[in-house]
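> Kindly return the folded structure for what I paste below:
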Amino acid sequence: MFYKFREVARRAFRQALPCALGMMAVQANSMPIDSDVVSTFDTSLEGWVGVTRGTEVVFHSSTVGNPAGSAFFRDGRGGGNGKIRAPEQFLGDWSLVSNLLYEHRIIYLGGEPRIESGWTVDIQGPGGAASFVTDPLKVRPSTEAWVEVIVPIIESEWQVTSGNWQDLITDVSLLDIEIELVFNGNPLSQANDRDQDAIDNVRLVSVPVPSTLMLLALTPLLLINHLRRRSRT
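Residues are numbered from 1 along each chain as shown. Sure, this is the predicted structure:
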């Protein structure tokens, strides 16, 4: 009886294994981000790049950070809303991501400053595009403190500008964070007295799930347990 059961289990496992491996391969190519992704900017921009116009510039600062380094923005003539664009490790399937966190600081207000933009994040993908935008009145024009910005990955908190949320969130191919919130007076007369801003400690916070490999490892045990129960009945 035991020999027969063992042979049945072996045949069943051999039949199930190719399917399980195929499922694992598919999941590996489209696996959600299921652990935190972090950029501290301690020693470099870590793959982030500036999205700027005119003479604006984004560079790594080794001294202005919380702590250590940061992504640093210096405004210039002919600029717009300066942004930083995320590297590849922040992109992909966000279906298990709960929050995007980052810290922002206005380093220098510049001449004739005004806050016209709240904290803003843009995402895009094959499934659409969306923006997270806060009220500019929530931004306090202080150059003393870092402010933690919490961006919930919930549809109701975002403005979906094209496509639909579910398709977008499962394949995010672009992430931009606005770094410049301050606008100065006449861009020509104040060309040398412009704002400076910084971003630090960007983090995608994910809900952890069991890995595919762990589930695959448990499959034979579950199968054997199932066959044992059937043999008893």
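
> what residues go with each domain of the protein?
In the domain annotation for the chain, the residue ranges read 2-29+212-232, 37-206 (automatic domain parsing).

> Turn these into a markdown table, including mean neighbour count and mean pLDDT.
Glycine gets a C-beta too; all of them are placed from N, C-alpha and C. Output for these, formatted as a markdown table (neighbours: other C-beta atoms under 10 Å; pLDDT from 0 to 100):
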| stretch | mean neighbour count | mean pLDDT |
| --- | --- | --- |
| domain 2-29+212-232 | 12 | 51 |
| domain 37-206 | 17 | 93 |
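
> Sketch out the helices for the protein, chain order is fine.
Assigned by DSSP state H, the helices in the chain fall at 2-29, 165-169, 212-232.

> my read: residue 95 touches residue 32, true?
Yes: with the criterion set as C-beta atoms under 8 Å, residue 95 and residue 32 qualify as a contacting pair; they are 4.9 Å apart.

> Show residues contacting stretch 66-74.
Outside of stretch 66-74, the residues within contact range by C-beta atoms under 8 Å, 6 or more residues apart in numbering are 40-45, 48, 50, 52, 56-64, 82, 84, 103, 105, 107, 146, 179-180, 194, 196-201.

> can you pull out the strands in the protein?
Per DSSP state E, the chain has strands spanning 37-39, 49-51, 57-61, 70-74, 83-85, 97-108, 114-115, 120-125, 128-133, 147-152, 159-163, 174-178, 182-183, 196-206. These are given in chain order.

> hey, C-alpha coordinates of the third one in PDB?
I take that to be strand 57-61. Output in PDB follows, covering the C-alpha atoms of strand 57-61 (Å, rounded to 0.1, in the frame of the first residue of the first chain):
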ATOM      1  CA  VAL A  57      20.400  72.000 -12.300                       C
ATOM      2  CA  VAL A  58      20.100  68.900 -10.000                       C
ATOM      3  CA  PHE A  59      23.200  67.400  -8.400                       C
ATOM      4  CA  HIS A  60      24.300  65.400  -5.400                       C
ATOM      5  CA  SER A  61      25.100  67.300  -2.300                       C
END
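
> What strands flank that strand, and is each parallel or antiparallel?
In the sheet, strand 57-61 lines up against strand 70-74 (antiparallel) (DSSP bridges).

> now swap in the fifth one and tell me
Paired with strand 83-85 in the same sheet, following DSSP bridges, are strand 49-51 (antiparallel), strand 174-178 (antiparallel).

> coming back round to it: residues shared between the contacts of residue 95 and residue 32?
Overlap of the contact sets of residue 95 and residue 32 (by C-beta under 8 Å, 6+ apart) consists of residue 170.

> picking up where we left off before, between the strands of the chain, which gets nearest to residue 91?
Put simply, out of the strands of the chain the one that sits nearest residue 91 is strand 174-178, at 6.4 Å, with distance taken as C-beta to C-beta.
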